[in-house]
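K.L.:
Next comes the sequence, and after it the predicted model I'd like to discuss.
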Amino acid sequence: MSEFVLSEKNIQKYLEKLNINSQSILSVKYLPGGVINHVFSVKLKDKTLILKQGLESAKSIFNLKLNKERIKNEFTAGVFFKKYSKSAFFTDMQHFDQDFNILIKKDSLEEKDSLSTLLSRGLVDVEVGEKISKELAMIHNKLMHREDIMKSFDNKKTFYQIKINLQCLDITDDKKIREKIEEFIRSYLYHEYTLIHGDLAPKNILITKDKKVIFIDFEEAHYGNPSLDIGYLLAHYYLNAIINNKIFDKYSTLIKRMFEIYISNLSNEIHTTKLEYEKEVSMFIGIFLLSRVDGKAKAPELVNNNDKENVRKIAKSIIVDNIDTIEKINIICKSLLQDGKPIA
């Protein structure tokens, strides 16, 4: 990769090389918060563009040399998601610069918040949750068993590096728990059904004022088992439910509803029963909860020591005790939050 690094100072000249008239640029804004990319919002007279350049290494906390192909992977996934879903849930990919590892996509002009911001405020929106779950199932269905897409995602280095190693395997020193996770992951990786998002955290879901949903950031997209997408998403709902435990019942009711909507809309081409699928999703919920408290990719919203311990106990209980349904997870959570320890 070239040493060229995108910045607010050079972004106008860069866009001019792409035949975008600098006179049409109204503002350039750096979007903070990313640990592995530089991201800018460029407001033009007639549209807003997002420019994203992948860095070769993450911040020191992750100590990773990153796969250079991940931005190209995101661009390709975005094109497929938009093409096959024909949905407003995805923005239009405009351009990929192979030389400088930069993608450009069109941004929605509507005012919006990330789902993570809304959840951190304790805003439990049933309509939004149901809409996300239904659309996610529909997307998984439409991209299922497509060899043309599968061939485009044969490089899974980013997914293994960030999601499997960093957020599944390297999250605990407990030998028993690690062995259970390793056994589960080996079984999970064997099944490849559809193109999945790979990093469906609430920070990667935007909600407009009229409750339109937009999915973003597909660097970890790959052809695999969709139970990871719904499991990762619901783990973050549980995380917020534990932090905002005074309204835990609202969260738990919605989480159960979201899974029911998702599984009822998912194609029966997934060669497993509903019970087995829910067991997989439940295991991912346990793994990703533990990752967010004890792994390197800790949840920034998890600051209270009591909340940390609650998340840790719930996660370990799910993994060690083979908790296999959303209802059972809800019971364990409620028991712990009320009594201080999970039920047997």
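P.N.:
Done, it's in. Numbering: from 1, shown residues only.

K.L.:
Would you agree residue 281 is in contact with residue 227?
P.N.:
Yes: with contact defined as CB atoms under 8 Å, residue 281 counts as touching residue 227 (5.1 Å). For glycine as for every other residue, the C-beta is placed from the backbone atoms N, C-alpha and C.

K.L.:
Looking at the chain, which helix is longest?
P.N.:
For the chain, the helix with the greatest residue count under DSSP state H is helix 274-294.

K.L.:
which regions of the stretch 151-300 of the chain lie under the pLDDT threshold?
P.N.:
Applying pLDDT under 70 to the stretch 151-300 of the chain flags no residue at all.

K.L.:
so where do the helices sit in it?
P.N.:
157-158, 175-189, 227-243, 248-265, 274-294 (DSSP state H, counting those that start in this stretch).

K.L.:
can you put those in a markdown table and add mean neighbour count and distance to residue 53?
P.N.:
Shown next, in a markdown table, are these (neighbours: other CB atoms under 10 Å; distance: least, CB to CB, whole Å):
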| stretch | mean neighbour count | distance to residue 53 |
| --- | --- | --- |
| helix 157-158 | 19 | 15 |
| helix 175-189 | 14 | 30 |
| helix 227-243 | 25 | 25 |
| helix 248-265 | 18 | 34 |
| helix 274-294 | 22 | 27 |
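
K.L.:
For my notes, please list those helices in JSON lines and give distance to residue 146 for each entry.
P.N.:
Shown next, in JSON lines, are those (distance: least, CB to CB, whole Å):
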{"stretch": "helix 157-158", "distance to residue 146": "20"}
{"stretch": "helix 175-189", "distance to residue 146": "19"}
{"stretch": "helix 227-243", "distance to residue 146": "17"}
{"stretch": "helix 248-265", "distance to residue 146": "18"}
{"stretch": "helix 274-294", "distance to residue 146": "20"}
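
K.L.:
now the spatially most central residue of the chain: how far from residue 282?
P.N.:
Nearest to the geometric centre of the chain sits residue 200, at 2.0 Å (CA atoms, centre = their mean). Separation of residue 200 from residue 282 (CB to CB, to the nearest Å): 16 Å.

K.L.:
How about residue 88?
P.N.:
Remark: distance between residue 88 and residue 282 (CB to CB) = 31 Å.

K.L.:
now residue 296
P.N.:
According to CB to CB, residue 296 stands 23 Å off from residue 282.

K.L.:
who touches stretch 303-318?
P.N.:
174, 177, 238-239, 242-243, 245, 282-283, 285-287, 289-290, 292-294, 302, 323, 329, 332-333, 336-337, 341-342 (CB atoms under 8 Å, 6 or more residues apart in numbering).

K.L.:
Please identify the helix or strand for residue 38.
P.N.:
strand 37-44 (DSSP states H and E).
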